[in-house]
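J.: Any chance you could fold what I've pasted below:
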Amino acid sequence: MKIKPIKNEKDYQQALKRLEQIFDAEKGTKEGDELEILSILIDKYESEHFPIEMPDPIEAIKFRMEQMGMKQKDLAEVVGFKSRVSEILNKKRKLTLDMIRKISTALHIPAEILVQDYILE
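T.: Residues are numbered from 1 along each chain as shown. Here you go, the predicted model:
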């Protein structure tokens with residue numbers, strides 16, 4: 001097992017190739033340990049070089065509602081006002097801190113996504 005830091009694209013490609021070769025290694029074996037360490041190094045490199053931006057808060061709410069089969073009236077039960085839900089989903093009104101807490105809990109959306117700033121239309 002020869003592990004080294006992933007410093008550039010060439011190192012990254014070599015690490016991916018090796019990962020593919022040992023992908024089915026069993027835990028507790030030499031190759032299993034190599035697989036675990038290599039996965040951590042690849043994840044670190046990808047996080048630094050290919051960051052994924054957080055989704056728009058309102059789009060995250062809409063997506064989660066769709067996943068859960070929720071309608072606007074269902075979200076109104078969470079935030080309290082049917083008219084506000086329409087305004088929020090159409091980006092006419094900002095989310096309040098209280099709404100963020102309730103939506104985060106009910107829809108299981110991380111608060112860090114919901115607190116992001118967004119432009120009203």
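J.: give me the number of residues near residue 38?
T.: Residues lying near residue 38 (other C-beta atoms under 10 Å) number 20. For every residue, glycine as well, the C-beta is placed using N, CA and C.
J.: now stretch 4-18: how far from the chain's centre is it?
T.: Put simply, stretch 4-18 sits 24 Å off its chain's centre (C-alpha atoms, centre = their mean, to the nearest Å).
J.: quick one: buried residues of that stretch?
T.: Residues of stretch 4-18 classed as buried: 6, 12, 15, 18 (neighbour count, 16 or more other C-beta atoms under 10 Å).
J.: May I have the lowest-mean-pLDDT helix or strand in the chain exported as PDB, CA atoms only?
T.: The helix or strand of the chain with the poorest confidence is helix 82-89; it has a mean of 92 (mean pLDDT, DSSP states H and E). What follows is helix 82-89 as a C-alpha-only set of coordinates in PDB (Å, rounded to 0.1, in the frame of the first residue of the first chain):
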ATOM      1  CA  LYS A  82     -52.000  29.700   3.300                       C
ATOM      2  CA  SER A  83     -51.500  33.100   1.700                       C
ATOM      3  CA  ARG A  84     -48.000  33.300   3.000                       C
ATOM      4  CA  VAL A  85     -47.100  30.000   1.500                       C
ATOM      5  CA  SER A  86     -48.000  31.200  -2.000                       C
ATOM      6  CA  GLU A  87     -46.000  34.400  -1.500                       C
ATOM      7  CA  ILE A  88     -43.000  32.400  -0.200                       C
ATOM      8  CA  LEU A  89     -43.000  29.900  -3.000                       C
END
